[in-house]
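J.: heads up, no residue letters with this:
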Ligand code: OGA
Ligand code: MN
């Protein structure tokens with residue numbers, strides 16, 4: 001069966017047909033999936049109720065996996081992170097963010113699997129950072145290309161929600177100590193396609209290094225609002241067994257917090273990436 005991609009929105013997103021990830025991924029289907037990811041930035045597959053092991057194995061074909069410093073792990077498969085509203089208050093995911101940008105080598109991408117869902121609500125939205133960058137005026141693009149910003153884990157993992165039991169507090173303090181803020185370019189050159197993307201997100205970006213505090217606050221406010229324009233987005237309405245695979249180097253996402261107190265359970269495998277490079281850095 002051949003793999004085909006059905007585009008879902010102008011900026012990013014495609015539905016993948018003709019692939020069953022419960023079967024081992026052949027070299028040909030791996031290459032097709034990889035190409036599809038580069039082209040569409042986020043891919044969606046229906047009816048892929050993978051075991052944690054299968055999900056881990058598919059993700060591991062694309063790189064080493066990341067183990068999250070705070071979120072709970074699946075009991076049988078530590079590389080699978082569990083987002084379960086009964087284990088954590090997940091309202092902090094309802095904020096535009098690029099996953100784990102608070103480390104030197106943020107993830108290349110993630111595979112997110114829907115396990116249990118509310119009857120409606122709980123959609124996830126993705127936005128294309130390259131579409132956002134391209135829509136900026138030339139003078140602003142020129143300014144941004146020379147700038148860098150701090151990314152800080154504490155911005156999205158507040159103590160009030162991630163440090164409330166002795167165990168959680170210990171994990172939280174260890175995570176903070178192991179992950180001091182890191183500096184990344186404000187414009188990132190995609191390591192595989194060469195596309196330029198705006199590399200800031202409300203979830204983790206705290207301060208533009210080269211500007212004064214008030215300039216940084218004003219410019220970040222502008223960029224967060226710009227990056228979240230609906231023209232740069234695709235919105236996914238989940239069914240149990242759906243799998244999303246996104247390129248975390250050129251997108252950000254937002255988990256809609258509109259279904260509580262109902263339960264929602266997702267499994268994520270996170271593939272490590274490379275150190276973000278700006279347009280003025282030599283490779
Ligand atoms: C994630 C995330 C979105 C969701 O897995 O990184 O932000 O809809 N989840 O659960
Ligand atoms: Mn996320």
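T.: Yes, it's here. Given the structure is predicted, the values throughout are model-derived calculations rather than measurements. Ligands and ions are numbered 1, 2, ... in the order given.
J.: Pairing partners for the strand or helix carrying residue 183, with directions?
T.: Assessed by DSSP states H and E, residue 183 sits inside strand 182-185. Here strand 182-185 has these sheet partners by DSSP bridges: strand 148-151 (antiparallel).
J.: Name the surrounding residues that touch the strand it pairs with.
T.: Strand 148-151 is contacted from outside by 101-102, 181-186, 199-200, 204-210, 216, 220, 278, using Cβ atoms under 8 Å, 6 or more residues apart in numbering. C-beta: built from backbone N, CA, C; applies to glycine.
J.: 7 Å - rerun?
T.: The contact list for strand 148-151 (Cβ atoms under 7 Å, 6 or more residues apart in numbering) reads 101-102, 181-186, 200, 204-210.
J.: In the stretch 1-150 of the chain, which residue sits nearest ligand 1?
T.: Of all residues in the stretch 1-150 of the chain, residue 124 sits closest to ligand 1, at 3.6 Å by Cβ to the nearest ligand atom.
J.: Next: the stretch 151-283 of the chain.
T.: Among the residues of the stretch 151-283 of the chain, residue 255 lies nearest to ligand 1; the distance is 3.3 Å by Cβ to the nearest ligand atom.
J.: Could you find the closest non-adjacent residue to that residue?
T.: Distance criterion Cβ to Cβ, 6 or more residues apart in numbering; nearest residue to residue 255, sequence neighbours excluded, is residue 93 at 3.9 Å.
J.: what's the burial count for the residue nearest to residue 186 when sequence neighbours are not counted?
T.: Closest residue to residue 186 apart from its sequence neighbours, by Cβ to Cβ, 6+ apart: residue 147 at 4.3 Å. Using other Cβ atoms under 10 Å, residue 147 is surrounded by 17 other residues.
J.: Residue numbers of the chain in contact with ligand 1?
T.: 83, 93, 99, 110, 112, 124, 253, 255, 266, 268 (Cβ under 6 Å from any ligand atom).
J.: Of those, just the buried ones, ChimeraX syntax please.
T.: Of the residues of the chain next to ligand 1, the buried ones can be selected in ChimeraX as follows, counting by 16 or more other Cβ atoms under 10 Å:
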select :83,93,99,110,112,124,253,255,266,268
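J.: Where does pLDDT dip in this protein?
T.: 282-283 (pLDDT under 70).
J.: Quick one: the helices in this protein, in order.
T.: With DSSP state H, the ranges of helices along the chain come out as 27-40, 52-60, 129-134, 138-145, 159-162, 166-178, 213-227.
J.: Mean neighbour count and distance to residue 20 added to those helices, as CSV?
T.: CSV is the format used below for these (neighbours: other Cβ atoms under 10 Å; distance: least, Cβ to Cβ, whole Å):
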stretch, mean neighbour count, distance to residue 20
helix 27-40, 16, 9
helix 52-60, 19, 11
helix 129-134, 23, 30
helix 138-145, 14, 42
helix 159-162, 14, 37
helix 166-178, 14, 36
helix 213-227, 15, 34
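J.: Now render these as a markdown table, adding distance to residue 244.
T.: A markdown table is the format used below for the helices of the chain (distance: least, Cβ to Cβ, whole Å):
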| stretch | distance to residue 244 |
| --- | --- |
| helix 27-40 | 11 |
| helix 52-60 | 12 |
| helix 129-134 | 17 |
| helix 138-145 | 28 |
| helix 159-162 | 24 |
| helix 166-178 | 25 |
| helix 213-227 | 19 |
